[in-house]
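> build me a model from this:
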Amino acid sequence: LAALERQIFDFLGFQWAPILGNFLQIIVVILGLFGTIQFRPRYIVVYTVWTALWVTWNVFIICFYLEVGGLSKETDLMTFNISMHRSWWREHGPGCVRRVLRPSAPGVLEDYSYVSVTGCIIDFQYLEVIHSAIQILLSV
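Numbers count the residues shown, from 1 in each chain. Sure, this is the predicted structure:
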């Protein structure tokens, strides 16, 4: 259920790398449950290997949002560099007040707007870190 919840919020933010990872997690969890119930050792091995990869992926996400090493949360890495979308939590976190500002510069597309976000109770990167930490705890 936690992976499904995370999948929904990643879809809202158009973050394609986490969407792919969450999708694989959901499929492998189903296979792991089936393998456990039917005692299929190959499925259990696949689930075990995937769990190690899943924990590694979530550690990467934590490092990404906390900007550990050379990582920056401002890059388009999570969207495979095909769009400028960001975490849904950036603009819709708890307590956040979102204001859309129209650009006043000439030559800027009319439908493109700037978003100002203020008053967030908790910053979006910490919400993403919490999501990843929960995934790690559930995997262990």
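> in the helix ranked longest in the chain, what's buried?
In the chain, assigned by DSSP state H, the helix with the most residues is helix 41-65. Neighbour counts over helix 41-65 (16 or more other CB atoms under 10 Å) mark 43-44, 47, 50-51, 54-55, 57-58, 60-62, 64-65 as buried. Using the backbone N, CA and C atoms, a C-beta is placed for each residue, glycine as well.
> all strands for the protein, in order.
Taking DSSP state E as the criterion, the chain contains strands spanning 97-101, 114-118.
> now those in TSV, with distance to residue 72?
Putting the strands of the chain into TSV (distance: least, CB to CB, whole Å) gives the following:
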stretch	distance to residue 72
strand 97-101	23
strand 114-118	18
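> look up the closest residue to residue 29, ignoring the ones flanking it.
If the residues on either side of it in the chain are set aside, residue 29 comes closest to residue 3, at 6.8 Å by CB to CB, 6 or more residues apart in numbering.
> give the burial count for the one you found, as a bare number.
20 (other CB atoms under 10 Å).
> ok, now which ones touch it?
22, 25, 26, 29, 135 (CB atoms under 8 Å, 6 or more residues apart in numbering).
> show the pLDDT at it.
Predicted confidence (pLDDT) for residue 3: 83.
> distance of it relative to residue 50?
12 Å (CB to CB, to the nearest Å).
> got any residues that touch both of these two?
Joint contacts of residue 3 and residue 50 (CB under 8 Å, 6+ apart) are residue 25.
> worst mean pLDDT among the strands of the chain?
strand 114-118 (a mean of 75).
> okay, now the sheet partners of that one, with direction.
Note on strand 114-118: by DSSP bridges, its sheet partners are strand 97-101 (antiparallel).
> may I have the strand it pairs with as PDB, with CA atoms only?
What follows is strand 97-101 as a C-alpha-only set of coordinates in PDB (Å, rounded to 0.1, in the frame of the first residue of the first chain):
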ATOM      1  CA  VAL A  97       0.200  28.500   0.100                       C
ATOM      2  CA  ARG A  98       0.600  28.400  -3.700                       C
ATOM      3  CA  ARG A  99       0.400  31.500  -5.800                       C
ATOM      4  CA  VAL A 100       0.600  31.600  -9.600                       C
ATOM      5  CA  LEU A 101       2.300  34.700 -11.000                       C
END
